[in-house]
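[1] Sharing a model that was predicted from the sequence below.
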Amino acid sequence: MAENEVHCLGKVMQFETINSPKVADVIVSQIEQLILDGVLKPGERLSPERELAQELNVSRPSLREAITTLKSRGLLRSARGGRHYVVDIIAPTLTDPLIELLKSHPKAMFDVLELRHALEEVGAYFAALRATEADREILQRRFAELEEIQQGEHAPQHDSIVDANFHLAIADASHNVALIHVMRGLFNLLLSHICRSLERLYTRESSYVIVHSQHRAILKAILDRDPEAARQAAHIHLAFVETTLRELDEEAARQQRSQRRLPSLSALEIRA
């Protein structure tokens, strides 16, 4: 960029010439920000070019140039008919072999819980601070889906998907792109962990009722825009899950010990 010398109060000062940004660059910046903020979500279709150009008050050639740039950056993909979609740049990254490895080591379940504490408490806190009206509507829909599974038969595999989607909606509402990336990257792990937890929690009739009330408390705190209450509600929920799972482990261990101590029926018959 060219430099100009300006004399001011006897001093020679050098300034860089300010060039106005290209319209296409401004469009790119706006769409990137909408993706970062979670307003444009993975898989979402952009408005048709004519409508989008009118909304942005730009020419269609400028819009096409911006779309070409966004496609080259891996943020948009095009389909037939001139349709453009947001690419899922935060798809799950953990592989199935790693999930299976974690499944085969029961103690790893508590490692995952420790990670969930760190991520989900922060997510709930920022969701309470930053959730938009659209986020709040999505959260209420996800909670309504949780309400539905309370009315039917409890199926851990299906219920875990509904449960995980509720927690992911909270992460989305945090509008922290790093947190969203991590949570979605861990989706397979989160789903597997919730499914295994529900399989065990459902052995206690009252557990799923308590978990549901805890989900309600998290939602209420977010809708009330109370970040500390949201963080605490998330902590109480995960602490309850951890405590219950540890208690179930202890009960199972006690049963195994007592069974080992009891003589078999055949042994009693021989003694008789």
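    Alright, I've got the coordinates. Numbers count the residues shown, from 1 in each chain.
[2] packing partners for whichever helix in the chain runs longest?
    Longest helix in the chain by number of residues (criterion: DSSP state H): helix 227-261. With contacts defined as 3 or more C-beta pairs under 8 Å, 6 or more residues apart in numbering; DSSP states H and E, the packing partners of helix 227-261 are helix 108-130, helix 187-201, helix 207-223. The C-beta positions use only the backbone N, C-alpha and C, and glycine is treated the same way.
[3] buried stuff in that helix?
    If you call a residue buried by 16 or more other C-beta atoms under 10 Å, then helix 227-261 has these buried ones: 227, 229-234, 237-238, 240-242, 244-245.
[4] Name the nearest of those relative to residue 138.
    Distance to residue 138 across the buried residues of helix 227-261 (C-beta to C-beta) is lowest for residue 230, with 15.7 Å.
[5] Quick check: the closest one touching residue 128?
    Yes. With contact defined as C-beta atoms under 8 Å, residue 230 reaches residue 128; the gap is 4.0 Å.
[6] shared neighbours of the two, anything?
    Residues touching both residue 230 and residue 128 by C-beta atoms under 8 Å, 6 or more residues apart in numbering: 221, 222.
[7] hmm, back to that, can you put the helices and strands packed on helix 227-261 in CSV and add mean pLDDT?
    Below are those laid out as CSV (pLDDT from 0 to 100):
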stretch, mean pLDDT
helix 108-130, 91
helix 187-201, 84
helix 207-223, 95
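[8] So for residue 168, which of the ones you listed sits nearest?
    helix 187-201 (6.9 Å).
[9] what sits against residue 197?
    109, 241, 245.
[10] Apologies, that question was intended for residue 250.
    With contacts defined as C-beta under 8 Å, 6+ apart, residue 250 has no neighbours.
[11] go on, residue 242?
    Contact analysis of residue 242 by C-beta under 8 Å, 6+ apart lists 110, 113.
[12] ok, so what distance separates it from residue 83?
    Per C-beta to C-beta, to the nearest Å, residue 242 is found 45 Å from residue 83.
[13] Check residue 136 too.
    Distance from residue 136 to residue 83, by C-beta to C-beta: 29 Å.
[14] neighbour count winner among the two?
    residue 136 (16 against 13; other C-beta atoms under 10 Å).
[15] And the closest residue to that one other than its chain neighbours, how close does it get to residue 127?
    Nearest non-adjacent residue to residue 136, counting by C-beta to C-beta, 6 or more residues apart in numbering: residue 223, 6.1 Å away. Distance, residue 223 to residue 127, by C-beta to C-beta: 10 Å.
[16] per-residue confidence for the most centrally placed residue in the chain?
    By C-alpha atoms, centre = their mean, the chain has its centre lying nearest to residue 168, at 2.9 Å. For residue 168, the model assigns a pLDDT of 93.
[17] cool, residue 155 as well?
    With respect to pLDDT, residue 155 has a value of 86.
[18] Can you show me the strands along the stretch 1-150 of the chain?
    For the stretch 1-150 of the chain, strands defined by DSSP state E, counting those that start in this stretch occupy the ranges 3-8, 11-16, 76-79, 83-86.
[19] Thanks again, I'm all set now.
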